[in-house]
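Visitor: Below is the sequence, then the predicted model.
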Amino acid sequence: MTGAVQAEKRLAEEVERVKNYLDESTEPKITRVAEQELIAVQMKALVEMEGSGLILLLVDDAYDDLARMYTLFKRVDGGLPLLRLVMGAHIKEEGRQLVNDPEKTKDPVEFVSRLLDMRDKYENTISRAFNEDKTFRNTLNQSFEAFINQQQRSPEFISLFIDDRLRKGVKGANEGDMDVMLDKVMALFRYLQEKDVFEKYYKQHLAKRLLSGRTVSDDAERNMLVKLKTECGYQFTSKLESMFTDIRTSRDMMADFKAKLAQTGQEVPLDLSVQVLTTGSWPTQSSAKCVLPSQLDAACEVFKKYYTDTHSGRRLSWQTNMGTADLKAMFQGGKEKHELTVSTYQMVILLLFNDAEQLSYREIAEATEITAPDLKRSLQSLACAKGKNVLRKEPMSKEVEETDMFSFNDTFTSKLYKIKIGTISAQKEGEQEKLETRHKVEEDRKPQIEAAIVRIMKARKRLDHNAVVSEVTRQLAARFLPNPAVIKKRIESLIEREFLERDPNDRKVYVYLA
């Protein structure tokens, strides 16, 4: 690094000359003049120097040269602010290119991995070259917050990354490594302006992990919950904690159910396991329609009677979209047997082929009443997934069309006895699902905005419009950044319902009505 090395060398020479030839009292004055001429005047040129400027050093992780630049620039006014400004602009630009690149955002887990690697890179620079300077760390945080929120799907992608790690674990990692990884992801979470969107997705992903029993460890799940609770408070995690409670309670309930069956000698035609979920705590769908096979339907009725007898006044609503099933299947004319782990929807579809050689998409849709998006995904995973295609599709293609025909694939073979057929749900949501989630989030925000307005007005009694908007934004910033236009609409709604009124002398001033 030519420029900074030369400046450092010249400063050292001046100090040495003072010691050898001049009175030591002149050293501070001469040093100041040298610093002014060699560093302050040349700062911009040193930072932008071709082949050895700050950006190139950051890209190359040249810690020694960066440390030299930091030490030199620290000696003059405006030196470190200039380094921070250039570093911040570089991080923002690098981040902007990442979040706006369709190729790099195609895989959510890979996208978040890149973000973590990028943050680690600059954290190392601050630790090893910038003396753990908090002002540089603040610049790093502000830069990440600026670009990470340019990608609207960042909350969803971060939740998907956590889901991937809590389902599969990290190869060769122990619990300590997992904890360090979760801490790093929490650093990205802090940058999110829409934490309520993250909560929505996290709840969906946690529900799937808990109901399928696919979690790397209960301790890791609990640990993540504690981190979210510490960061956002009890209100943020109360429903998530309720989900864990439901799983524990369901285990005890199933043990009691089976004990009662044994006592009465009543038999259920299959091994039934039911998870009873508290309405409001889980991301359930109110209209998850599906026609169940008669055997399963009869077993469900037995459990329903047990449950309503034990808990009077409660009502069960079956969430078939969230269930799984184990099926025994025979292929190769009965020579090859396998156990298939499938979703409830996939089970319902497969059982239709006990009584039919071939079925059209429309016949399957009519017989099962499964909604079109779920039916297409289920058929896609049964007929199009390589190595798991227990159904045949005609014509053969990656997508399922309403004109397709399906038949049982008797020639299917696999070295594994147990085969898990996952639903091909987009790793990330499709456009329609994304819009639905966004709509739900917007609806959930309305009462929160209204509650904040009422709290503020109750305390202040009179406030002008801009002050209300500013205070509401400040109070809700920990969860999301409310849109001023939405705040205005919620104020109008509160005026209509007579919580507030406009000042007759100034229409921009609101008055709280007790």
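Guide: That came through fine. Owing to the predicted nature of the structure, the values given are computational and were not obtained by experimental measurement. Residues are numbered from 1 along each chain as shown.

Visitor: Every contact and neighbour count from this point should use C-alpha atoms.
Guide: OK.

Visitor: Poorly predicted segments of this protein, please.
Guide: Low-confidence segments of the chain (pLDDT under 70): 1-42, 51-52, 171-172, 284-288, 423-429.

Visitor: cutoff 80 now
Guide: Residue ranges of the chain with pLDDT under 80: 1-52, 75-79, 169-175, 213-214, 269, 284-289, 422-434, 514.

Visitor: which residue is nearest the centroid of it?
Guide: In the chain, the C-alpha nearest the mean C-alpha coordinate belongs to residue 159, at 1.8 Å (CA atoms, centre = their mean).

Visitor: For that one, which non-adjacent residue is closest in space?
Guide: In space, not counting the residues next to it along the chain, residue 159 is nearest to residue 202; the distance is 5.4 Å by CA to CA, 6 or more residues apart in numbering.

Visitor: Does the one you found touch residue 161 like I think?
Guide: No. Using CA atoms under 8 Å, residue 202 makes no contact with residue 161, being 10.2 Å away.

Visitor: sorry, back to before: contact partners for the residue nearest to residue 159?
Guide: With contacts defined as CA atoms under 8 Å, 6 or more residues apart in numbering, residue 202 is in contact with 156, 159-160, 163.

Visitor: mind listing what residue 196 touches?
Guide: Applying CA under 8 Å, 6+ apart, we find residue 196 in contact with 441, 479-480.

Visitor: how about a cut-off of 10 Å?
Guide: Residue 196 makes contact with 155, 202, 236, 441-442, 444-445, 478-481, according to CA atoms under 10 Å, 6 or more residues apart in numbering.

Visitor: what would the residues you listed look like in TSV with distance to residue 374?
Guide: What follows is the contacts of residue 196, written out as TSV (distance: CA to CA, whole Å):
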residue	distance to residue 374
155	24
202	20
236	30
441	22
442	24
444	25
445	28
478	35
479	31
480	31
481	33
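
Visitor: Just among those residues, which is most surrounded?
Guide: Within the contacts of residue 196, neighbour counts (other CA atoms under 10 Å) peak at residue 155, which reaches 25 neighbours.

Visitor: For that one, give its distance to residue 238.
Guide: According to CA to CA, to the nearest Å, residue 155 and residue 238 sit 19 Å apart.

Visitor: same check, this time on residue 290
Guide: Separation of residue 290 from residue 238 (CA to CA): 31 Å.

Visitor: which of those two has more neighbours?
Guide: Legend: neighbour count by other CA under 10 Å for residue 290 and residue 238, higher for residue 290 (19 against 13).

Visitor: correct me, but the more buried one touches residue 296?
Guide: No. Residue 290 is beyond contact range of residue 296, at 11.9 Å (criterion: CA atoms under 10 Å).

Visitor: which residues do these two both contact?
Guide: Listed as contacting both residue 290 and residue 296 by CA under 10 Å, 6+ apart are residue 348.

Visitor: three-state assignment of residue 501?
Guide: Under DSSP: H, G, I helix; E, B strand; the rest coil, residue 501 falls in the strand class.

Visitor: could you pull out the strands for the stretch 401-514 of the chain?
Guide: For the stretch 401-514 of the chain, the strands defined by DSSP state E, counting those that start in this stretch cover 405-408, 418-420, 462-464, 500-503, 506-512.

Visitor: Residue 473: which of the ones you listed is closest?
Guide: Closest of the strands of the stretch 401-514 of the chain to residue 473 is strand 462-464, at 14.5 Å (criterion: CA to CA).
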